[in-house]
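Enquirer: how does the following fold in three dimensions:
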Amino acid sequence: MNTCRKLVLSVAALGALSGCAGTAPTAEFKKPISEAFRLCANDEAGVRLAAADGVTLNDVSRQRLESRLSQTINEKKKSVQCKTADKRVFVLQSKITRYDEGSAFARAMLAGLGQIHIDGEFTLNLLPAVAGADSKPGVNGENVAEFSVQKTFAWGGMYGASTRIEDVEPAFAEGVTEAIVAQAETAK
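Expert: A predicted model of the protein is given here:
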């Protein structure tokens with residue numbers, strides 16, 4: 001009985017650490033972004049999303065996730081005033097390293113089973129300001145940040161069974177967005 005209790009407590013702790021479907025994960029930076037390169041209202045941001053080798057991500061899911069990332073970034077940066085009037089153009093190179101829908105049946109049976117996972121590696125590039133004679137097609141610009149984001153959903157019961165990967169994607173996109181968009185200044 002003691003071993004069973006430990007297993008249940010371990011699974012419950014895992015579920016608590018994994019958070020709910022709507023909890024945004026925190027980015028882990030390999031190359032931290034400076035405040036000067038965080039996106040604001042004047043900036044333009046494109047998202048290019050691909051799956052890493054061995055990751056199953058069909059075209060519909062890839063396009064949906066790419067669109068969700070783009071919409072979340074554009075919506076959040078609208079509320080952030082830029083310190084300069086200059087328009088900058090960024091490209092977020094996104095590589096999904098894990099995309100696992102898990103099992104709704106397993107999640108219904110016990111929290112921690114049948115987990116949903118979305119993991120990605122990201123590189124934010126600032127493109128050259130003026131496309132002139134010196135610019136080369138395909139050049140990605142200056143690398144201003146590198147980071148990864150991991151989102152896991154492991155709740156059980158009816159909540160776990162009724163949650164789909166599409167319900168977890170907005171929180172994943174929010175975690176990516178929080179990593180690159182400047183924080184809106186609050187009125188004092």
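Enquirer: ok, residues contacting the longest helix seen in the chain?
Expert: Longest helix in the chain, counting residues (DSSP state H): helix 59-77. Applying Cβ atoms under 8 Å, 6 or more residues apart in numbering, the contact partners of helix 59-77 are 39-41, 43, 45-51, 57, 92, 94, 96, 99, 118, 165-166, 169-170, 172-174, 176-178, 180-182. (Glycine included, C-beta is placed from N, CA and C.)
Enquirer: kindly report the same for stretch 160-172.
Expert: Applying Cβ under 8 Å, 6+ apart, the contact partners of stretch 160-172 are 19, 21-25, 61, 64-65, 68, 72, 99, 101-102, 104-105, 107-108, 111, 114, 116, 118, 120, 149, 151, 153-155.
Enquirer: quick one: the strands in this protein, in order.
Expert: 28-31, 44-51, 89-100, 116-126, 142-153 (DSSP state E).
Enquirer: can you tell which of those strands is closest to K78?
Expert: strand 44-51 (11.4 Å; Cβ to Cβ).
Enquirer: roughly how far is that closest one from the heart of the chain?
Expert: Strand 44-51 has its C-alpha centroid displaced from the chain centroid by 11 Å (Cα atoms, centre = their mean, to the nearest Å).
Enquirer: and that strand, what does it pack onto?
Expert: If you count contacts as 3 or more Cβ pairs under 8 Å, 6 or more residues apart in numbering; DSSP states H and E, strand 44-51 packs onto helix 59-77, strand 89-100.
Enquirer: need the residues that contact stretch 30-47.
Expert: Under the criterion Cβ under 8 Å, 6+ apart, residues 66, 69-70, 73-74, 77-92, 94, 124, 126, 143-148, 179-183 lie in contact with stretch 30-47.
Enquirer: now, of these, which are buried?
Expert: Buried members of the contacts of stretch 30-47, scored by 16 or more other Cβ atoms under 10 Å, are 66, 69-70, 73-74, 77, 80, 82, 88, 90-92, 94, 124, 126, 144-148, 179-182.
Enquirer: any weak-confidence spans in this structure?
Expert: Scanning the chain for pLDDT under 70 picks out the ranges 1-19, 130-140, 185-188.
Enquirer: which phi and psi does T84 have?
Expert: Here is the backbone geometry of T84 (degrees, to the nearest 10): phi -130, psi 160.
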